[in-house]
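Enquirer: Need a 3D model of the following:
(one chain, ligands or ions: 1)
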Amino acid sequence: MNNHLQRLREEERIQRQKNKRSSKLVLTFVMFSFSLLCLIGVMATIDPLSEKKSSDSEGLSQTIRQTETDEAEEWRLLIISRDSYLPVDFTVDLKKVGDVRVDHRISDPLESMIEDADAAGIKLIPVSGYRSVSEQRVLYDDKKASFLQQGYGEEAAEIYTRELIQPPGASEHHTGLAIDFLTMGITELDEGFAQSPAYQWLRENAANYGFIERYPADKTEKTGVSWEPWHFRYVGTADAIAISSMAICLEEYK
Ligand SMILES: [Zn+2]
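Expert: Below you'll find the model as predicted:
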């Protein structure tokens with residue numbers, strides 16, 4: 001009897017332990033499922049964030065790329081004039097072409113243009129390329145001194161000088177993107193250049209190399225500079241072709 005009772009108790013104890021174990025299992029399973037759900041929840045919250053973040057950084061890198069493109073374009077279309085002086089922090093890397101120095105980025109198209117003109121029997125002689133602000137000051141002061149020597153008063157000498165020469169800081173030659181040409185039979189930078197075959201050749205071909213006639217006869221009010229048929233300016237081929245075909249000046253194009 002005692003044995004029977006003892007066995008019953010033993011069975012009860014085993015059963016209790018079994019129950020206890022299965023409740024533990026259930027609890028563990030519930031906790032695991034809960035953790036899993038939490039994790040999924042957190043992931044779901046994080047995912048859109050990280051997607052947004054990556055799309056944000058994509059947008060940012062696009063903005064940076066756009067800015068870089070704008071900056072890359074900007075140098076070619078830079079306008080330096082009496083209304084827009086050269087920035088004080090302006091710098092340029094120069095390269096020699098013939099006897100002049102130009103922005104190194106335009107030396108190849110300039111050389112190609114001179115070579116192709118030569119092959120067509122046209123002599124393009126570059127006589128002015130890059131000019132520093134202090135070199136411009138010397139030119140300006142010398143010209144003014146010559147008017148003063150001729151007997152003009154201070155004010156008149158200043159006015160006449162400004163008609164002929166851009167004040168220091170206002171010359172496009174500071175950019176290294178402008179070139180003055182002479183040719184066979186033409187030894188002065190004056191309107192006589194417009195009568196030369198070189199001018200005709202430049203009018204027809206310069207845009208293909210990225211150059212425009214910068215101060216056309218009919219645009220003096222827009223450019224603020226009188227006609228300079230000898231002065232050409234690099235803007236890049238696509239823009240030069242657009243500007244030339246529309247017969248506009250850089251001020252109207254920008
Ligand atoms: Zn010039």
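Enquirer: Give the burial count for the closest residue to the ion within the stretch 1-150 of the chain, as a bare number.
Expert: Residue of the stretch 1-150 of the chain nearest the ion, by CB to the ion: residue 128 (5.5 Å). C-beta coordinates here come from the backbone N, C-alpha and C atoms, glycine included. Residues lying near residue 128 (other CB atoms under 10 Å) number 20.
Enquirer: cool, and residue 199?
Expert: 21.
Enquirer: That one reaches residue 228, doesn't it?
Expert: No: using CB atoms under 8 Å as the test, residue 199 is too far from residue 228 to be in contact (11.1 Å).
Enquirer: Please report how far the residue of the stretch 1-150 of the chain closest to the ion lies from residue 205.
Expert: 20 Å (CB to CB, to the nearest Å).
Enquirer: Then residue 170?
Expert: Distance of residue 170 to residue 205, given as CB to CB: 29 Å.
Enquirer: What of residue 118?
Expert: With CB to CB as the criterion, residue 118 and residue 205 are 12 Å apart.
Enquirer: More neighbours: which of these two?
Expert: Remark: of residue 118 and residue 205, residue 205 carries more neighbours, 15 against 11, as counted by other CB under 10 Å.
Enquirer: is it true that residue 126 touches residue 106?
Expert: No: at 11.2 Å, residue 126 does not count as touching residue 106 under the criterion of CB under 8 Å.
Enquirer: just to revisit the earlier point, any shared contact partners between residue 118 and residue 205?
Expert: Both residue 118 and residue 205 lack any common contact, where contact means CB atoms under 8 Å, 6 or more residues apart in numbering.
Enquirer: With adjacent residues omitted, what lies nearest to the residue of the stretch 1-150 of the chain closest to the ion?
Expert: Once flanking residues are discounted, residue 128 sits nearest to residue 180: 3.9 Å by CB to CB, 6 or more residues apart in numbering.
Enquirer: With residue 217 instead?
Expert: The shortest distance from residue 217 to any non-neighbouring residue, by CB to CB, 6+ apart, is to residue 227 (4.2 Å).
Enquirer: Surely the one you found is within a helix?
Expert: No: per DSSP: H, G, I helix; E, B strand; the rest coil, residue 227 lies outside any helix segment and is coil.
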